[in-house]
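> Build me a model from this:
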Amino acid sequence: MRRARGVFLLGGLICLLSVGWWAFGPAWSRIDSNKQQAPPAFERPPAPVSVVAAVTRDVPIYLDEIGKFVAREVVTIQPQVTGRITKIHFTDGADVKTGDVLFTIDPRPYQAQLDAAEANLANAKAALALAKSQLQAAVETARLNLEYCTIRSPINGWAGQRLVDLGNVVTANTSALLSIQRLDPIYADFTVTENDLTAVWQNMARGSLTVEVRLPDESGTPHAGELTFLDNAVQDATGTVKLRATIPNRDRHFWSGQFAKLRLILSVRQGAILIPAAALQTSAKGPFVYVIQENATATLRPVTLGQRQEDLVVINQGLTSGEQVVVTGQLGVTPGGKVRIEQPNAVGSSAAPHTGDKS
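Predicted structure coming up:
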């Protein structure tokens, strides 16, 4: 009896399982199917960028400094005899040449002295040799003073504003009459730190160094000159050394007293790697660029920077010539992400964005 009851219960359990499978089996299959057909994960679209290829060029190694223009020669005209100015032979701001007459001091007193000295010499010709010698000296002095009544320009240069007018009485070697400055060529004085002194001196020993000069508000092609002076001591107060460049200035582009931007070219670096400065990005770990791979993805590449070369910058480490770097669109780029190149540019072309001129 118990055996029959167990068989009965087992049969009932099998029936229940069969009914359950028939009722719920299709739903479970649908749930399984839905899991297999889930949509794929979201993928970012390629970031639009423009790129340039790194290039190899020879570039200068330089020091950028601020200096001031100085006239090559400055002469302050002073009278060498005392008297009244009777004539002025130039206009303020005029070009003057060596020997040009500038002022005339009343020559009549000195003409009278010369006449008297010559008369005394004639009367004393029979006197002792010593007296004759003294009288001859007096004549020469009187003649020289008479010549000093006509003041001439000692240099070629640019006359400043005169400091006297007609009728003024001037005293020998005490009154300044005029300042004349020679502006072609012109000097540009500047300093370098004592830390740069060794590099300057070593490169000077190999030959003359070029200095490129601009006014502070200028861009474009600079005026080129030559380093012509290096001081013999470091200034204690500033830790700097004085230098002087000589610049051709026929068009009088530069004026004495103006400030100047100077670039002292020390040497030339052969085969430097250059990219536009616009390609550079900065993180907490330092500068980097995005480099485009063959599969159109961008890789973040740390780089070591050299000197700026106008709109370009030298890369000391991190890139090789020909590698393409992103110059615009960096905000949309993720490391390893896809990119869409919109317009390849050439290094140094007008398409490359312009930035400043010194990093």
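> contacts and neighbour counts: CA atoms only from here.
Fine.
> Can you give me the buried ones in stretch 172-179?
The neighbour-count check on stretch 172-179 (16 or more other Cα atoms under 10 Å) flags 175-179 as buried.
> What of stretch 155-164?
Across stretch 155-164, burial judged by 16+ other Cα under 10 Å covers 155-160, 162, 164.
> Can you tell me what sits against it?
Stretch 155-164 is contacted by residues 75, 92-99, 176-183 when judged by Cα atoms under 8 Å, 6 or more residues apart in numbering.
> Please apply the same query to stretch 217-233.
With Cα under 8 Å, 6+ apart as the criterion, stretch 217-233 contacts 208-214, 241-248.
> I'd like the mean pLDDT over that stretch, please.
The pLDDT scores in stretch 217-233 average 92.
> Who is residue 87 paired with across the strands?
Beta bridges link residue 87 to residue 104 when assigned by DSSP bridges.
> what's the closest non-adjacent residue to residue 107?
residue 149 (5.7 Å; Cα to Cα, 6 or more residues apart in numbering).
> go on, residue 120?
residue 135 (7.2 Å).
> who's in contact with the helix or strand encompassing the one you found?
Using DSSP states H and E, residue 135 sits within helix 129-147. Defining contact as Cα under 8 Å, 6+ apart, one finds that helix 129-147 is touched by 80-81, 107, 110-111, 113-114, 117-118, 120-121, 124-125.
> could you redo the residues you listed as TSV and give each row pLDDT and neighbour count?
Below are the contacts of helix 129-147 laid out as TSV (pLDDT from 0 to 100; neighbours: other Cα atoms under 10 Å):
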residue	pLDDT	neighbour count
80	86	19
81	86	21
107	86	19
110	83	23
111	85	17
113	84	18
114	83	21
117	81	21
118	80	19
120	78	16
121	73	21
124	69	14
125	67	12
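> Adding distance to residue 305 and secondary structure as columns, could you present those in JSON lines?
Output for those, formatted as JSON lines (distance: Cα to Cα, whole Å; DSSP: H, G, I helix; E, B strand; the rest coil):
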{"residue": "80", "distance to residue 305": "62", "secondary structure": "coil"}
{"residue": "81", "distance to residue 305": "66", "secondary structure": "coil"}
{"residue": "107", "distance to residue 305": "72", "secondary structure": "coil"}
{"residue": "110", "distance to residue 305": "74", "secondary structure": "helix"}
{"residue": "111", "distance to residue 305": "76", "secondary structure": "helix"}
{"residue": "113", "distance to residue 305": "78", "secondary structure": "helix"}
{"residue": "114", "distance to residue 305": "77", "secondary structure": "helix"}
{"residue": "117", "distance to residue 305": "80", "secondary structure": "helix"}
{"residue": "118", "distance to residue 305": "81", "secondary structure": "helix"}
{"residue": "120", "distance to residue 305": "85", "secondary structure": "helix"}
{"residue": "121", "distance to residue 305": "84", "secondary structure": "helix"}
{"residue": "124", "distance to residue 305": "88", "secondary structure": "coil"}
{"residue": "125", "distance to residue 305": "88", "secondary structure": "coil"}
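> which of the residues you listed lies closest to residue 338?
residue 80 (84.9 Å; Cα to Cα).
> out of everything not next to it in sequence, what's closest to the closest one?
residue 172 (4.3 Å).
> Tell me the spacing between the one you found and residue 187.
Distance from residue 172 to residue 187, counting by Cα to Cα, to the nearest Å: 31 Å.
> do the same with residue 150
Counting by Cα to Cα, the gap from residue 150 to residue 187 is 31 Å.
> Of the two, give the one with the bigger neighbour count.
residue 187 (26 against 20; other Cα atoms under 10 Å).
> thinking again about what came up before, show only the entries of the buried residues of stretch 172-179 found in strands.
Using DSSP state E, 178-179 are the members of those that sit in strands.
> Any chance of the buried residues of stretch 172-179 in CSV with pLDDT and distance to residue 69 as columns?
Converted to CSV, those look like this (pLDDT from 0 to 100; distance: Cα to Cα, whole Å):
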residue, pLDDT, distance to residue 69
175, 82, 27
176, 89, 23
177, 90, 24
178, 92, 20
179, 92, 17
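> would you turn the buried residues of stretch 172-179 into a markdown table with distance to residue 46?
A markdown table is the format used below for these (distance: Cα to Cα, whole Å):
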| residue | distance to residue 46 |
| --- | --- |
| 175 | 80 |
| 176 | 77 |
| 177 | 77 |
| 178 | 73 |
| 179 | 70 |
